[in-house]
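Colleague: got a sequence here, can you build the structure:
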Amino acid sequence: MDISSISSSIGPLQTKQESNLVKNTGDKSFADMLKDAVNEVNDSQIQGYDAMEGIATGKVKNLQEAVQKIEEADLSLKLALEVKNKAIAAYKEINSMQV
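Modeller: The predicted structure is shown next:
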């Protein structure tokens, strides 16, 4: 059974997420993507602090949303710290390699 004609007409397979990722990143450099990620974490932290302030002052109308924003801020910060730790560990490992 010859499937070469089928595979050549289909082309390379790519998921929707991969194609969206390529479209979204465009010509951004790694530094720009890193800055964007840090800004997203910072925005999340600001929203979390605002939610905490709202809870403390009693200005919050929906307690569940406020707690959700606080949890999202906490999780995003933990994720950012883990990514940083992994990047530093990888950098140290690459530095220790003999060329």
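
Colleague: in space, not sequence, find me the middle residue of this protein.
Modeller: residue 37 (6.2 Å; Cα atoms, centre = their mean).

Colleague: which SSE is that one in?
Modeller: helix 30-57 (DSSP states H and E).

Colleague: just checking, what packs against that helix?
Modeller: helix 63-96 (3 or more Cβ pairs under 8 Å, 6 or more residues apart in numbering; DSSP states H and E). For every residue, glycine as well, the C-beta is placed using N, CA and C.

Colleague: and the helix it packs on, what does it pack against?
Modeller: Using 3+ Cβ pairs under 8 Å, 6+ apart: helix 63-96 touches helix 30-57.

Colleague: which parts of the helix it packs on are buried?
Modeller: Across helix 30-57, burial judged by 16 or more other Cβ atoms under 10 Å covers 41, 44, 45, 47, 48, 50, 51, 52, 54.

Colleague: residue 76 is in contact with the fourth one, correct?
Modeller: To tie it back to what came earlier, the one meant is residue 47. No. Applying Cβ atoms under 8 Å, one finds residue 47 not in contact with residue 76, separated by 10.0 Å.
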